[in-house]
Every structure is written in structure tokens, then in C-alpha cells.
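Colleague: Any chance you could fold what I've pasted below:
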Amino acid sequence: MKYNILVVDDEKNIREGLAKLLEMEGHRAVPAADGREALALLERGDVDLVVTDLKMPNLPGDELLRRALAAVPGLPVIILTGHGTIESAVQAMKQGAYDYLTKPVDMGRLTLLVARALSEWEVKRQYREALQELQKRSQFSNIIGKSDAMRRIFEVVQLVSASKASVLITGESGTGKEMIADAIHYNSDRKDKPLIKVHCAALSETLLESELFGHERGAFTGAVARKRGRFELAHRGTLFLDEIGEVSPGVQIKLLRVLQDKTFERVGGEETIEVDCRVIAATNRDLSQAIAQGQFREDLYYRLNVVNIHLPPLRERKEDIPLLISSFLTEFAEAAGKRLEGLDAKARAALYSYRWPGNVRELRNCLESAVVLSRSSLITLEDLPPHIRSDADKNYVKLSLGLSLAEAEAELIRAELLAQNGNKTRAAEVLGIGRKTLHRKIQEYGLEG
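Modeller: Sure, this is the predicted structure:
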């Protein structure tokens, strides 16, 4: 990996020599003639390590060290010093310097020191990113919704996360069931342990059994070594079983035993293995109907469905669509390096009125495509997928000639309220007017009721 190293020394020959050496090692060297210039470069960001002289005009190395660590905590700083100022270098170490070297600099020693410092910096960087991701997940920032239905779901997730109860998440495909499972795990006391996921519908009965419980060497053709199953890997953590409704009757029996007794055997094995893992399952099927048809065990259903979380389809929580649109547009615009102001009126109306059979996943894919295809700072109707444009063409109002402007406006407001199932907030957004203005016009035109 190529790192950015700031090289600070008021002696040009030393500065350029060190920079050349570091570039030969595959890094990007950024030279600075004194501490003030170095600070200006630090403020721009993207500095992974500082190599600085201790004695310099304008701003000495110890003061640069103090300011650098204040700006970027933990940043590795290597001090260069003459024999007469070793005591000052030792003092700099106490203030947070990574290490020091005396002049003339031993280039081999410097190379090793830089490699070690950057290796430790990379570990810290990865830890910070992992911590930020964990915090992000635990704060539900990746689950978007302000509707009453979603608020109730957030409350249930907070409550159930503190327990050990099994959870069954139901809802149509694309509603975000896996994200809810993530939120439960990362808000629980198991958040530092593994979250293991299995998509049950993607595997045959034999492969799924081996995937869940593991197998011994020689258990079947191709089993050349012992393999630990997902239950073992999820020990003390969480196991997420997606599309649980597609599991075969044979595997259902074994799942029931694990949930009841917390024990199982690997395929082809005799050793009984105890496991402590929380099970979260998800399905887009109606399991009560599957039970009635003899396709799903009733006792397993009750073991899984201790707490049920049902995710409503997007068409039933359309008040969340503006939030989702805003979040997705920001995400994809940043990824594409584009500056977007949002949606024009026709595109916004089309997205609000579409029924979204693929739910949040379909909306996300739609907006990613629109951002890629957009030619201006506004997403237009032409940027949307053809089937959404076609659906939008069906949503129009016929106005007869001879109507007054007020009559035409009243008809348009009436049609939009009908299209939005009476939701005045969404209707006002589509019409491009404030909610108070809409209320006033509804009263003025007698559109209540």
C-alpha cells in the first residue's frame, strides 16, 4: 500500500535525500522546509506519517509534534536530531513521538522504523474503521424510516436486542430484513462476537445440512477434511438464517433440536457439540400457510417465532420514500463524483406514485441507475427506468377546456390527494407547495371529506 509521508527539514539536501529514499520504498514523500509549511500540509489531510527535524526556524520539531498530534491523534512522528539534542528527542518521545534517529541518519534504520510505524498505523486505522462501522450499525443509521410502522420496529429492535430470544423477521423481498438482523446483533451484548449468515434458499438439502452443522472427513464424496458448520462458527454470537421457509423437512428436524437442546452432531460424526448462539430467521413466505400445507413444522415455527418483527412493504409506508430518496441520491452522487440538486417535479411524482413491488431494494437500484444516467444536476423522468416512466404515463389528469384557473387547480389537488391516499404531506411535496398552503386551498375549494 502506498502511504503519504511528510518529510520536514530546513536543510534541502537532507529533505530531498530522505524524500527520494522513501519514494524508492514505494511511498509518496511530501517535502516541507519548516514546521509552518508542514502544518499547512497536515491541514489538507491524507498524511500517514511525519519525519521531522527537531531544530528548525519558524516552528521547531517539538512544537510541530504537539500540533500534529492535536490535529491527528495517534499519527506516527519520527524525530531527527543531532547528538547535542538527544535529550530533547527523548522528551519528544514522552510527548508522543513514535521514535527518534540521530543525524547523520542511518537510512537502513529509518526504512525499518518507517515500515514498523506504518504497519501499526494501518492496524489502528482498520480498528477505527471497524469501530465506526459498529457504531454506525448500532445507531440504526443504515435503516431509514420515520413512519409510525418503522418507529415501532425500531422500538422492538431495541427491546429484543437486550434479550436472548429467537426472532423471526417477516416481510416481502427487498424490505430490509437482513438490515434488521444486523441491527439486533450489533445492539446486543453479542456485538463483539461473530454474526454468521446463511441464505437457506441458495443451497440444496445436503449442502445446507453440511453448511449449518459441518461434516467429518469422508462423510460424503468430496469431504476431504473436517469442516466446522455455521452453528459452530456463530458460537457466543448470532446466526442469521435467511429464507428459512425454504428449508427441507429433514433439516427442519435438526434445526428444532439445536433450538431446543443447543446440541448437534456434524454430518458423518458421532461427537455431540454444544453451542451457544442466538438464532434470527427471516422469510418472505407466509409460514402459517406453509404449516397448513404440511411444508413447515409447527413446533419449529414456534421456536423461531418467539419475537416477530414484520416489515411492511414500501407501498404501505410511502412517507419514508423522500428520506430514502435523499439518502440514496447522496450516496450514489458521492460514489459517482457528481453534484446533484435532487429530482425535478415529474421524476419526484413518478417515484412517489409507483407501487415498488421490489420495495426498498428496487428503489435503491432505480436511483443508482438514475444517478449514473443523469446528464444534469437534476434527476429527470427520462433518467428513470422505462417501466417507472411507463407507469408514470398512466398517472395524469384530464382538464376540460373552459375551466377557470381556480377550477383547474382544484381538480389537480383533488387528483393528487386521491393518488396519495389522502396524505397531505406527500401531496404538497409533489405539487411543490407548502403544507399550510395546501390546507388553505383544500378549505378554499371545499375538498375536505
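Colleague: Next one: the closest residue to Ala419 other than its chain neighbours relative to Asp391, how far apart?
Modeller: Nearest residue to Ala419, sequence neighbours excluded (CB to CB, 6 or more residues apart in numbering): Ser353, at 5.5 Å. C-betas here are computed from N, CA, C, even on glycine. Ser353 is 8 Å from Asp391, where distance means CB to CB, to the nearest Å.
Colleague: who's in contact with Arg435?
Modeller: By CB atoms under 8 Å, 6 or more residues apart in numbering, the residues touching Arg435 are 424-425, 428.
Colleague: one more time with 10 Å
Modeller: Arg435 sits next to 424-425, 427-429 when contact means CB atoms under 10 Å, 6 or more residues apart in numbering.
Colleague: again, but for Gly35
Modeller: If you count contacts by CB under 10 Å, 6+ apart, Gly35 has them with 8, 10, 52-53, 56-65, 67-68.
Colleague: how far away is Pro31 from Thr52?
Modeller: 11 Å.
Colleague: So Asn359 versus Pro312, what's the distance?
Modeller: Asn359 sits at a distance of 9 Å from Pro312 (criterion: CB to CB).
Colleague: The closest residue to Gly358 other than its chain neighbours: neighbour count?
Modeller: Ranked by CB to CB, 6+ apart and with sequence neighbours excluded, the top spatial neighbour of Gly358 is Gly174, at 4.8 Å. A total of 20 residues lie near Gly174 under the criterion other CB atoms under 10 Å.
Colleague: Check Phe296 too.
Modeller: 23.
Colleague: Equivalent analysis for Leu241, please.
Modeller: Leu241 has 23 nearby residues by other CB under 10 Å.
Colleague: got any residues that touch both of Pro31 and Thr52?
Modeller: 6-9, 38.
Colleague: In helices, which of those residues appear?
Modeller: Ala38 (DSSP state H).
Colleague: So which of the shared contacts of Pro31 and Thr52 is the closest to Asp286?
Modeller: The closest of the shared contacts of Pro31 and Thr52 to Asp286 turns out to be Leu6 (CB to CB; 61.5 Å).
Colleague: Beta-bridge partners for the closest one, please?
Modeller: Val30, Val50 (DSSP bridges).
Colleague: Report the buried members of the contacts of Gly35.
Modeller: Among the contacts of Gly35, those classed as buried by 16 or more other CB atoms under 10 Å are 8, 10, 52-53, 56, 59-62, 64-65, 68.
Colleague: now for these, which pair is the farthest apart?
Modeller: Farthest pair in these (CB to CB) is Asp10 and Ala68. Separation: 16.9 Å.
Colleague: Looking at the shared contacts of Pro31 and Thr52, spot the one nearest Ile291.
Modeller: Among these, and counting by CB to CB, the member closest to Ile291 is Leu6, at 65.9 Å.
Colleague: Can you give me the neighbour number for the closest one?
Modeller: For Leu6, using other CB under 10 Å, the count is 25.
Colleague: Quick check: pLDDT value at it.
Modeller: As predicted, Leu6 sits at a pLDDT of 95.
Colleague: try Arg315
Modeller: For Arg315, the model assigns a pLDDT of 88.
Colleague: Just to check, it is in contact with Trp356?
Modeller: Yes - the pair Arg315 and Trp356 qualifies as a contact (CB atoms under 10 Å) at a distance of 5.7 Å.
Colleague: The two - which one has more neighbours?
Modeller: The neighbour comparison of Arg315 against Trp356 (other CB under 10 Å) goes to Trp356, with 21 against 14.
Colleague: Name the SS class of the more buried one, please.
Modeller: Of the three states, Trp356 takes coil according to DSSP: H, G, I helix; E, B strand; the rest coil.
Colleague: Ile196 too?
Modeller: strand.
Colleague: Hmm, Leu233 and it touching each other?
Modeller: Yes - counting by CB under 10 Å, Ile196 does reach Leu233; the two are 5.1 Å apart.
Colleague: Could you give me the buried positions within stretch 323-343?
Modeller: 324-325, 328-329, 332-333, 340, 343.
Colleague: same check, this time on stretch 346-354
Modeller: Residues of stretch 346-354 classed as buried: 346-354 (neighbour count, 16+ other CB under 10 Å).
Colleague: can you tell me which of these lies nearest to Tyr301?
Modeller: When the buried residues of stretch 346-354 are compared for distance to Tyr301 (CB to CB), Tyr354 wins out at 34.0 Å.
Colleague: Any figure for the gap between that closest one and Val198?
Modeller: 33 Å.
Colleague: How about residues contacting stretch 358-365?
Modeller: 143-145, 171-176, 179, 311-315, 317, 320-321, 324-325, 327-328, 331-332, 351, 354-356, 366, 385, 388.
Colleague: Return the set of buried residues in that stretch.
Modeller: Quick answer for stretch 358-365 (16+ other CB under 10 Å): 358-360, 362-364.
Colleague: So the nearest residue to Met107 once chain neighbours are set aside, which state does it fall into?
Modeller: Leaving aside its chain neighbours, Met107 sits nearest to Leu21 (5.7 Å; criterion: CB to CB, 6+ apart). Three-state assignment for Leu21 (three-state DSSP): helix.
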